[in-house]
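[1] Here is my input, please return the structure:
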Amino acid sequence: MSEEKAKIERSGSLFTEEDAHPGLVGIARLASHAEVTNTGHLTQYSALAVRSILNTSVSKRGLPFGKSINPYRGCEFACRYCYARYTHEFMELRDPQLFERHIFIKQNAAWLLRQELRKMHANELIAIGTATDPYQPIERRARVTRSLLEVFAECRGLHLGIVTKSTLILRDLDLLKKIAERNRLVLHITITTPDTELARILEPRAPRPDLRFKTVAALRAEGLRTGILCCPIMPGITDTPAAFDSMAKRARATDANFLAANPLFLKPCSKETFLSFVREHFPALEASYEKRYGEDAFVSKAYQKRISDLLAAAVKKYGLGNRASEWIPSERIPRDTRPVQQSLWPEPVRMWKPARAENIRRRFSA
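    Residues are numbered from 1 along each chain as shown. I've put the predicted structure just below:
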């Protein structure tokens, strides 16, 4: 049923080469034909016919997963630092604001996933929400993410990760728990800052930080492996020892499995959007940012080490886990083994029920 809800009715079938716009190919051609299905506050939604739902991930950041899924193209949360704005450029949509104002809803996602999983092996890691939030507001109606979870709930022996800023993930507790019974599932809630005022101007349409902390606590109380991503760390804004200590203390209070953090990196597509934010709200830091990111999207090795050391100290102080260890499956299956539809693990993975669950519920009850 959810898969059907994830599909938006179209007046025609897939487009032919004859009706393609001159000069546009691939995803740009598909996007040019995407029919507008609805509009919201400053936002337009279009149905996008895609040929694949699983992406192969290649990154200089050393990401642990090889496959990723983004149910949507574009993201309504409008985070000023978002590195994924370049994905709209593939569709020849080069105005950075279109990334948050024109959202594409991928069609037939669950059906595509079923076909592509047949080629997967158990030691491949799949991350959902690496470029756009899988629980952004349109998911309430489109339900593409839920349709994908329904497919994963049928599988055994997968290693899955979900990244989101949204409290909407709690809607899918039934499927998340079912997936976790037979697969390794790690949930990541991004909380860039606990400061509500800063979050409001930094991530205008994302849920408040306090609601995200409550979401972590609720997921942990249900026995789901959940951690906090304090990303990105912004020089001069959120990179103080006090800021790390405050975030780690809150992470501990939610019983988070881990706390992770990475410095801001600015791709050309997001650089001007973020620097405009700095000029408006932190003008004293403008020159520093221009110098730091003038010739490179990434911070220096020395700054990376400083952030790593601050994080390590905060994690140790509050007894939090390490995110890297969450991505290592307890059992490794060679690449040439059976597909994931067959029973790869003889015994289902047990969900760990936290002893502190009731305390968590009381502490974070409304």
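[2] CA only for contacts and neighbour counts going forward, please
    Will do.
[3] Tally up the residues packed near the spatially closest residue to residue 269 that is not a sequence neighbour, please.
    In this structure, residue 269 finds its nearest non-sequential neighbour in residue 86, 5.4 Å apart by Cα to Cα, 6 or more residues apart in numbering. When neighbours are defined as other Cα atoms under 10 Å, residue 86 has 21 of them.
[4] ok, residue 86 touching residue 271?
    No: with contact defined as Cα atoms under 8 Å, residue 86 does not count as touching residue 271 (10.9 Å).
[5] Alpha carbons of the helix or strand harbouring residue 178, as CSV, please.
    Element membership of residue 178 [criterion: DSSP states H and E] is helix 173-182. Output in CSV follows, covering the C-alpha atoms of helix 173-182 (Å, rounded to 0.1, in the frame of the first residue of the first chain):
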residue,chain,number,x,y,z
LEU,A,173,9.1,2.8,14.5
ASP,A,174,7.2,-0.4,13.5
LEU,A,175,9.3,-0.9,10.4
LEU,A,176,12.6,0.2,12.0
LYS,A,177,12.2,-2.4,14.8
LYS,A,178,11.3,-5.1,12.3
ILE,A,179,14.4,-4.3,10.2
ALA,A,180,16.6,-4.3,13.3
GLU,A,181,15.5,-7.8,14.2
ARG,A,182,17.2,-9.3,11.2
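[6] Going forward, count from 186.
    Let's use 186 as the start, then, which means that last one is helix 358-367.
[7] which of the residues in it are buried?
    360-367 (16 or more other Cα atoms under 10 Å).
[8] Give me the contacts around the next helix or strand after it.
    Scanning forward in sequence from helix 358-367 by DSSP H and E, the next helix or strand is strand 369-375. Identification of contacts with strand 369-375 by Cα atoms under 8 Å, 6 or more residues apart in numbering yields 342-351, 364, 397, 401, 409-416, 511-512, 514, 534.
[9] List the neighbouring strands of strand 369-375 plus their orientation.
    strand 344-349 (parallel), strand 411-418 (parallel) (DSSP bridges).
[10] The first one vs helix 358-367, what angle?
    Spelled out, that is strand 344-349. Inter-element angle recorded for strand 344-349 and helix 358-367: 150 degrees (by axes from the mean of the first three to the mean of the last three Cα atoms, to 10 degrees).
[11] who's in contact with the spatially closest residue to residue 504 that is not a sequence neighbour?
    Using Cα to Cα, 6+ apart and skipping residues adjacent in sequence, the residue nearest residue 504 is residue 437, 7.6 Å away. Counting by Cα under 8 Å, 6+ apart, residue 437 touches 503-505.
[12] Low-confidence ranges, the stretch 436-551 of the chain, go.
    The model of the stretch 436-551 of the chain has pLDDT under 70 over residues 509-551.
[13] Also the stretch 236-385 of the chain?
    Checking the stretch 236-385 of the chain against pLDDT under 70 turns up 242-250, 273, 275-279, 307-308.
[14] Which residue ranges of it form strands?
    Assigned by DSSP state E, counting those that start in this stretch, the strands in the stretch 236-385 of the chain fall at 240-241, 252-254, 257-258, 287-291, 310-313, 344-349, 369-375.
[15] May I see those strands organised as a markdown table, with distance to residue 264 added?
    What follows is those, written out as a markdown table (distance: least, Cα to Cα, whole Å):
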| stretch | distance to residue 264 |
| --- | --- |
| strand 240-241 | 23 |
| strand 252-254 | 20 |
| strand 257-258 | 15 |
| strand 287-291 | 14 |
| strand 310-313 | 18 |
| strand 344-349 | 12 |
| strand 369-375 | 12 |
